[in-house]
Structures are given as C-alpha cells and as structure tokens.
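>>> Any chance you can model this:
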Amino acid sequence: MSQTIIKKASPESKVGGKLTEMALDYMKFSLAGSRESATIDKTFQQLWRARNNRFSHEYAYEAVREGKTLGMIMCYPTTLMNRLAMPTFSQLFNLHKWNLIGYNLRNWKECYTMLTLKEGENDEYHIGTIATLPESRGLGLGTELILHAEKQAVLQGFAKSSLTVKQENAGAIKLYERLGYQKVGEIIKPAVSMYRMSKLLV
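From the prediction side, this is the model:
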C-alpha cells in the first residue's frame, strides 16, 4: 500500500482551492459574494495562490499519495488567524468589489454568522479547515493531517489545539473524539450550529 506524505502546500496545487471550498461549506458563498460555481472556484484558487490571507497555501499542508494531493489541512495560531481577517477581506474586496458587499447584505444571516464566529482561544493552535477528496475517504488521511497539525502546534510552543465542527457532522465528531478532542463549547448562529472542540497536547 502506498504511503501518505504530508508536505507543505504548494501555491501551484491544482486542488488546494477546491479542498478549501469543500471545507468551508456554506461560508464559501459569503466569501466569494456569489453562489456561481465558476466565481467560487476562481475566488478560492486566487486566495490559495496569494499570501497573507486566511485561506493561503502559506498555512496549509497537503496529504499526497502517488504524487496526487488527496487532502489538505489549514492550521495556525488563533491569534494569527484572527489577524488575517482584515487582509483576507481586503483581497476579497479587490476581487469582487461591490458584488461582495451586495451579496452579503442580501444574505445577512450567512454574513453575520461568519463575522461573529469565535472559533478559538488565543492560547490555542487552530485547525481552520480540513478536507479530503471523496475518492480518498476511508484511507485515514484526516487522522494523519490532524496529527501533523498537532506536531506543528507543539513545535510552535502550543499546549492546546482546537477546531470547530457542525453539530450534525456525526462522523467528524466521532473522529475528533477518537483523537482526543473534547467539546468545550457551542456556537449557535442564524446560519449554523457548531461545537468548539479542543485537545491538550502536552
């Protein structure tokens, strides 16, 4: 059986942006200011290739088997993730101008949910997004990616990692609990209900 290699993500990755979209679920619409597939794809490919935004390859790692990227995880200190909010908005506005504002005014519940989401505490290393391609499910890539993120956390001096998960995503919750994550809070917003989960690493 081929071995998984977890490597620093490349800006040239063909699926980096698509994996980010998959992980973001409904939030991708507010971020792209559109529900059109072509606009969403272009948005996240550009964010992936760029730097200094929350969805940049800079903060991602790819799971590769036989030369093909099958999964991705984006992780960073919560403080860094929060600092990236304004640069991310600036890049999105440069891409979509007033279409971005118009979409979010019309879909205020999605926008409000995204803007008021407190995902992690300042002493945590946060797993912001994680996704695997459908054809790779069941290979254990999610586990390998999370364990890799935890190693990065420890290397950077963090004793705790965190993530959020939709309350109805029973499969993901079961995986995270198996890896040692515990529910530490609920996020109840107009567009989504989530659990905050964290794990002591040391």
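>>> which parts of the helix-or-strand element of the chain with minimal mean pLDDT are buried?
Counting by mean pLDDT, DSSP states H and E, the chain has its least confident helix or strand at helix 108-115, which shows a mean of 88. Burial within helix 108-115, assessed by neighbour count using 16 or more other Cβ atoms under 10 Å, is assigned to 110-111, 113-114. C-beta: built from backbone N, CA, C; applies to glycine.
>>> Low-confidence bits of this structure, can you list those?
Within the chain, the ranges that satisfy pLDDT under 70 run 1-2.
>>> the helices in it, which residues?
With DSSP state H, the ranges of helices along the chain come out as 16-24, 27-32, 37-49, 78-83, 85-96, 98-106, 108-115, 141-155, 170-178.
>>> Could you list which residues are in contact with Ser90?
Taking Cβ atoms under 8 Å, 6 or more residues apart in numbering, we find Ser90 in contact with no residue.
>>> what's the distance between it and Ala191?
23 Å (Cβ to Cβ, to the nearest Å).
>>> Give me the distance between the residue most central in space within the chain and Ala191.
Central residue of the chain (Cα atoms, centre = their mean): Thr129, 1.7 Å from the mean position. Distance of Thr129 to Ala191, computed by Cβ to Cβ: 17 Å.
>>> Could you do Gly102 as well?
Gly102 is 18 Å from Ala191, where distance means Cβ to Cβ.
>>> So for these two, which sits in the more crowded spot?
The neighbour comparison of Gly102 against Ala191 (other Cβ atoms under 10 Å) goes to Ala191, with 18 against 13.
>>> For the longest strand seen in the chain, which strands pair with it and how are they oriented?
Using DSSP state E to assign secondary structure, the strand with the most residues in the chain is strand 68-77. Here strand 68-77 has these sheet partners by DSSP bridges: strand 60-65 (antiparallel), strand 125-132 (antiparallel).
>>> what's the most buried one of these?
Sort those by mean neighbour count, taking mean count of other Cβ atoms under 10 Å, and strand 125-132 sits at the top with a mean of 25.
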